[in-house]
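Chemist: Show me the folded form of this:
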Amino acid sequence: MLNNNIVEGLDAGERCLGVFLDLAKAFDTVSTPLLLQKLQNVGVRGLQLKLFENYLKNRTQTVKDNQGLIPRICRQLFSRIASGKESGASYRTEVSYLEIYNERVADLLAGGAGGAGAHALRVREHPKLGPYVQDLSRHRVDDLDQIQECMHRGNLQRTTASTQMNDTSSRSHAIFTLTFVQASYLRHNNMPSETVAKVHLVDLAGSERADATGATGARLVEGAHINKSLVTLGSVISALADCSQQAPDGRTPKGSKKVFIPYRDSVLTWLLKDSLGGNSKTIMIAAISPADCNYGETLSTLRYANRAKNIINKPTINEDPNVKLIRELREEIEKLRKQITLTTDPIDTESSVLATLQRKEAQEKVLTEKWTEKWRETQQILQVCVLIGGSRRY
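Modeler: Numbering: from 1, shown residues only. Model (predicted):
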């Protein structure tokens, strides 16, 4: 069941006998509804599935390809895409995979991953699109097998090490991103449609206590960076939760000053800026341990989840700028035509209203023709890529 955006593994009246939430149930509860919205022209920038887990939990069920959430999400995604293609829509799907190790970003799918410069990618911020990683590779995928191959290749490059608590402890955060573009031509109103959506699947390294993990030297430094980013994440979540309860002028009900959100205090929160408080719908999976010795970590994780569920985002459609302009022009043209129809005065061919109408009609025609040509070329390229195996690196 879903209670305050927290998935519970037991039905009412059941006792815990060591059987935990089945991933199929978790997927159907939290992932399927948002994926359906994505393929129904919602086009918000991201379904952000954040996997917040402490170091005692096994991430193979959420990130690796052991029939966890990611394979289930991708399988459902391509199933919906196949259904959409039957109606004449075109889709393009790309993936990228990065890790954040000691506050540095590495491309896990780059040919030189692991070598010099692998952890030297720069994070920048676009005024409209938000933070992004410069020179991060994107790879074209056409089915689930290609996604799993990319994930497997990226997982081999993940930074792991042995500690007293885990033989293969993740020493970095990882973000696997699926980007898909949906383009179609709506015949009922002769209107082009193109939306872009991203699914960010985020695996967070667990917080660490040096005395429990026995970390020294490099492991101790890694743990310090991990903890710093998670503390910053907690601060960002708390600030966003406070902002969600603010008045329209940005002040809290008590009249205090505007809340500062420390996105740039860590690379992780900077990259997740749009995921946490931007144009997105976000799911946080808080994985906890039933062991008494992990009471502190369990309580801390639940507090994170409790604060996160108070964040309120208002996602909007990521519409292609040209398509948006065409739609706005057609709306203006319709208004001008009504204005001309309703006027009682004779229409002079040199009148400003008629001249504006003719100018906008010409502009709309040119933009529509350009978009239609681009759409046809994209369809041809996609068909050729399928025939020859596709170019999977951009």
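
Chemist: Only C-alpha atoms from now on, for both contacts and neighbour counts.
Modeler: Fine.

Chemist: Tell me, how many residues neighbour residue 262?
Modeler: Other residues near residue 262 number 17, with proximity taken as other CA atoms under 10 Å.

Chemist: And the protein, split by domain according to the record?
Modeler: Using automatic domain parsing, the domains assigned to the chain come out as 2-308, 321-388.

Chemist: contacting residues around residue 143?
Modeler: residue 78 (CA atoms under 8 Å, 6 or more residues apart in numbering).

Chemist: ok, it to residue 91 distance?
Modeler: As judged by CA to CA, to the nearest Å, residue 143 and residue 91 stand 12 Å apart.

Chemist: Quick one: classify the nearest residue to residue 227 once chain neighbours are set aside as helix, strand or coil.
Modeler: Closest residue to residue 227 in three dimensions, ignoring its sequence neighbours and counting by CA to CA, 6 or more residues apart in numbering: residue 207, at 5.4 Å. Under the three-state scheme (DSSP: H, G, I helix; E, B strand; the rest coil), residue 207 adopts coil.

Chemist: May I ask which helix or strand encompasses residue 182?
Modeler: strand 173-186 (DSSP states H and E).

Chemist: any idea which element residue 337 lies in?
Modeler: Applying DSSP H and E, one finds residue 337 within helix 321-342.

Chemist: who does that helix touch, helix- and strand-wise?
Modeler: strand 191-204, helix 352-388 (3 or more CA pairs under 8 Å, 6 or more residues apart in numbering; DSSP states H and E).

Chemist: Least confident of those, on average?
Modeler: Least confidently modelled of those is helix 352-388, at a mean of 71 by mean pLDDT.

Chemist: Mind jotting down where the helices sit in the chain?
Modeler: Taking DSSP state H as the test, the helices found in the chain are 23-30, 32-37, 69-85, 144-157, 210-213, 217-243, 267-271, 273-277, 295-308, 321-342, 352-388.

Chemist: Could you dump these into CSV with distance to residue 125 and mean neighbour count added?
Modeler: Listed next are the helices of the chain as CSV, based on distance: least, CA to CA, whole Å; neighbours: other CA atoms under 10 Å:
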stretch, distance to residue 125, mean neighbour count
helix 23-30, 30, 15
helix 32-37, 26, 15
helix 69-85, 27, 17
helix 144-157, 24, 17
helix 210-213, 34, 13
helix 217-243, 18, 19
helix 267-271, 9, 23
helix 273-277, 10, 22
helix 295-308, 24, 17
helix 321-342, 19, 15
helix 352-388, 28, 14
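
Chemist: will you turn these into JSON lines that also has distance to residue 258?
Modeler: Shown next, in JSON lines, are the helices of the chain (distance: least, CA to CA, whole Å):
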{"stretch": "helix 23-30", "distance to residue 258": "32"}
{"stretch": "helix 32-37", "distance to residue 258": "31"}
{"stretch": "helix 69-85", "distance to residue 258": "38"}
{"stretch": "helix 144-157", "distance to residue 258": "41"}
{"stretch": "helix 210-213", "distance to residue 258": "36"}
{"stretch": "helix 217-243", "distance to residue 258": "8"}
{"stretch": "helix 267-271", "distance to residue 258": "19"}
{"stretch": "helix 273-277", "distance to residue 258": "15"}
{"stretch": "helix 295-308", "distance to residue 258": "18"}
{"stretch": "helix 321-342", "distance to residue 258": "32"}
{"stretch": "helix 352-388", "distance to residue 258": "42"}
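
Chemist: quick one, which of the ones you listed is nearest to residue 172?
Modeler: Residue 172 lies closest to helix 217-243 among these, at 7.1 Å (CA to CA).

Chemist: And that closest one, what does it pack against?
Modeler: Taking 3+ CA pairs under 8 Å, 6+ apart as the contact cut, helix 217-243 packs with helix 267-271, helix 295-308.

Chemist: Can you flag the weakest of those by average pLDDT?
Modeler: helix 295-308 has the lowest average pLDDT among the helices and strands packed on helix 217-243, namely a mean of 84.

Chemist: if we can go back for a sec, which one of the helices of the chain lies nearest to residue 107?
Modeler: Nearest of the helices of the chain (CA to CA): helix 144-157, 8.4 Å.

Chemist: So what angle separates the directions of that closest one and strand 173-186?
Modeler: Going by axes from the mean of the first three to the mean of the last three CA atoms, to 10 degrees, helix 144-157 is angled at 160 degrees with respect to strand 173-186.

Chemist: Check which helices and strands helix 144-157 sits against.
Modeler: Helix 144-157 packs on helix 69-85, strand 90-101, going by 3+ CA pairs under 8 Å, 6+ apart.

Chemist: Quick one: closest of those to residue 297.
Modeler: strand 90-101 (22.1 Å).

Chemist: Show residues contacting that closest one.
Modeler: So strand 90-101 is in contact with 81, 84-85, 105-109, 119, 136-142, 147, 151, 154, 158-159, 171-184, 222, 267-268, 379, 382, going by CA under 8 Å, 6+ apart.

Chemist: Out of those, which end up buried?
Modeler: 81, 84, 105-109, 119, 136-142, 147, 151, 154, 158-159, 171-184, 222, 267-268, 379, 382 (16 or more other CA atoms under 10 Å).

Chemist: Show the low-confidence segments of the stretch 101-250 of the chain, by residue range.
Modeler: Within the stretch 101-250 of the chain, the stretches with pLDDT under 70 are 112-119, 160-169, 185-191, 208-217, 219, 246-250.
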